[in-house]
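Student: Pasting a predicted model and its sequence here:
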Amino acid sequence: MLSGLRMKIISDFLGEMKRQSERSRCLHFEHGSRCTEHISAHSIQNSGQLTEISENGHVYKINGHFSTLKKTGGKPAPKKIGRNDASTFLGFCGTHDTQLFRPIDTIPLKPTYEQVALYAYRSLCREYFVKENAVRTLENLKGHEALTKEKSEFLEAALKGFGIGFEGLIHHKRHYDNAISNGKFHEFKYTVFIAHSRQDLAFSGVLYPHFDFLGRQLQDLGVEGVPLDLITFFSAPAEEGWAIGIAWHESSDRYCREFLRSLATHVYEGASLDDAILRFVFSCCENHAIRMSWWDGLKEKSQSSILERVRFMTSLECGYDPRHLCVVLEGIAKWEFGHVLSSD
Ligand SMILES: [Zn+2]
């Protein structure tokens, strides 16, 4: 049973996280006095994608949030949410959100370099918003009256970890801001997979690639002062069907290319691309929306495997398993990939 003091830390932590997530700001590279009307921006497009996969205006989100885990005994669970509430964050003002993202919100992914850059930027800004909130929350909890010495040390370690991750995002955002504000969209590199099946899953996220699809270590996480290469990924409506994009700025070329090469080798050696992408999405991303009838139609075994993967991903074990992108979640996705498009 949780002690009163521990309950107080948890409720203060959740309250602080909520306060931070409700603190609106504009992350556009030209933010300033024009940013008066802050909005609940969609990190996954509302029109085009969420509309496409929602049923009666709703989608599922797999909820690995602490408050859910407390109710379910530690297991993540799908939660029905309104389409308009899916994937939103208070990270842009209305003017900048509408202006900047018009080429992806009103036109299906071809892809052009500009479209890829904008999808990557939106994924990065959402992560920036979330990580900045986490760092501020932990900073505000430092010195909490109910913290034991052991808990204080744990909080310090968590703050250090989040701090390194967030410093990296600040570094990458500078590159992205600079490239996009100057129209240098060709600085973004990509691989886009076009799928002709119905879209059942929408997502966006970023990752510092640690291990690849062959179980090899790429970069060493947790080294202070060394910016890590960053990859972004997203789903998108395409001219024919829908698409899964993986994109990065050229400053992250080295490990991102290696990461993609490992996926190609993995598939060349006989693995299924559908399996690999589904595993990647549920292993590396907590920002997704799921078509309800697709989820309800899955075998119970498949549902539990996905939920177990989400639990694993939110646990501390995940980052240390070199093979976390090599196996599991086979035979669930049936996406009928048509063709693959890559930058030069
Ligand atoms: Zn703005």
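Tutor: Happy to help now that I have it.

Student: by contact count, what packs against the longest helix seen in the chain?
Tutor: The longest helix of the chain (DSSP state H) is helix 149-181. Secondary-structure packing of helix 149-181 (3 or more CB pairs under 8 Å, 6 or more residues apart in numbering; DSSP states H and E): helix 113-141, strand 242-249. For the C-beta atoms, the positions are set from N, CA and C on the backbone; glycine is no exception.

Student: deepest of the ones you listed, which one?
Tutor: Scoring the helices and strands packed on helix 149-181 by mean neighbour count under mean count of other CB atoms under 10 Å gives strand 242-249 as the most buried, with a mean of 26.

Student: what's in contact with it?
Tutor: With CB atoms under 8 Å, 6 or more residues apart in numbering as the test, strand 242-249 has contacts from 49, 52, 109, 111, 116-117, 119-120, 172, 175-176, 179, 187-195, 199, 229-237, 256, 260, 277.

Student: So in that sheet, which strands flank that strand, and in what orientation?
Tutor: Using DSSP bridges, strand 242-249 pairs in its sheet with strand 188-195 (antiparallel), strand 231-237 (antiparallel).

Student: C-terminal to that strand, what's the next element?
Tutor: Proceeding N to C from strand 242-249, the next assigned helix or strand is helix 253-268, under DSSP states H and E.

Student: what helices or strands is that following helix leaning on?
Tutor: Using 3+ CB pairs under 8 Å, 6+ apart: helix 253-268 touches strand 188-195, strand 231-237, strand 242-249, helix 273-284.

Student: which parts of that helix are buried?
Tutor: Tyr255, Cys256, Phe259, Leu260, Ser262, Leu263, His266, Val267 (16 or more other CB atoms under 10 Å).

Student: Please apply the same query to stretch 213-223.
Tutor: Neighbour-count burial for stretch 213-223, with 16+ other CB under 10 Å as criterion, is recorded at Phe213, Leu214, Leu218, Gln219, Leu221.

Student: possible to save those residues as a markdown table with distance to the ion and secondary structure?
Tutor: What follows is the buried residues of stretch 213-223, written out as a markdown table (distance: CB to the ion, whole Å; DSSP: H, G, I helix; E, B strand; the rest coil):
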| residue | distance to the ion | secondary structure |
| --- | --- | --- |
| Phe213 | 38 | coil |
| Leu214 | 42 | coil |
| Leu218 | 35 | coil |
| Gln219 | 33 | coil |
| Leu221 | 32 | coil |
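
Student: circling back: give me whichever of the strands paired with strand 242-249 is most buried.
Tutor: Most buried of these, by mean neighbour count (mean count of other CB under 10 Å): strand 231-237, with a mean of 25.

Student: So what touches that strand?
Tutor: Strand 231-237 is touched from outside by 44-45, 48-49, 52, 104, 108-109, 111, 115, 119-120, 122-124, 199, 201-209, 242-248, 252, 255-256, 259, 280-281, 284-285, with contacts defined as CB under 8 Å, 6+ apart.

Student: ok, 6 Å please
Tutor: 48-49, 108-109, 119-120, 123-124, 202-207, 209, 243-248, 256 (CB atoms under 6 Å, 6 or more residues apart in numbering).

Student: what about Glu239, neighbour count?
Tutor: Number of residues near Glu239 (other CB atoms under 10 Å) recorded here: 11.

Student: typed the wrong thing, it's Ser21
Tutor: Ser21 is flanked by 15 other residues according to other CB under 10 Å.

Student: Could you do the one 10 residues further on as well?
Tutor: For His31, the count of nearby residues is 13 (other CB under 10 Å).

Student: got a pLDDT number for it?
Tutor: pLDDT recorded at His31 is 93.

Student: ok, for Gln20, nearest residue in space, not its chain neighbours?
Tutor: Asn133 (3.7 Å; CB to CB, 6 or more residues apart in numbering).

Student: My guess is that neighbour contacts Arg19. True?
Tutor: No: counting by CB atoms under 6 Å, Arg19 is not a contact partner of Asn133; they are 8.9 Å apart.

Student: Flag every residue of this structure that's near the ion.
Tutor: Within the chain, the positions near the ion by CB under 5 Å from the ion are Cys26, His28, His31, Cys35, Cys93, His96.

Student: Between the strands paired with strand 242-249, which one is closest to Asn63.
Tutor: strand 231-237 (19.4 Å; CB to CB).

Student: Can you give the distance of that closest one from its chain's centre?
Tutor: When C-alpha coordinates are averaged (CA atoms, centre = their mean, to the nearest Å), strand 231-237 and its chain have centres 9 Å apart.

Student: And the residue of the stretch 201-344 of the chain closest to the ion?
Tutor: For the stretch 201-344 of the chain, the nearest residue to the ion under the criterion CB to the ion is Ser204, separated by 19.6 Å.

Student: so what's that residue scoring on pLDDT?
Tutor: Note for Ser204: predicted pLDDT of 95.

Student: which secondary element of this structure has the worst mean pLDDT?
Tutor: The weakest-scoring helix or strand in the chain, judged by mean pLDDT, DSSP states H and E, is helix 66-72 (a mean of 65).

Student: And the closest residue to the ion within the stretch 101-250 of the chain, how far from Ile180?
Tutor: Closest approach between the stretch 101-250 of the chain and the ion, counting by CB to the ion: Cys125, at 11.2 Å. Distance, Cys125 to Ile180, using CB to CB, to the nearest Å: 11 Å.

Student: Then Val192?
Tutor: Distance of Val192 to Ile180, computed by CB to CB: 18 Å.
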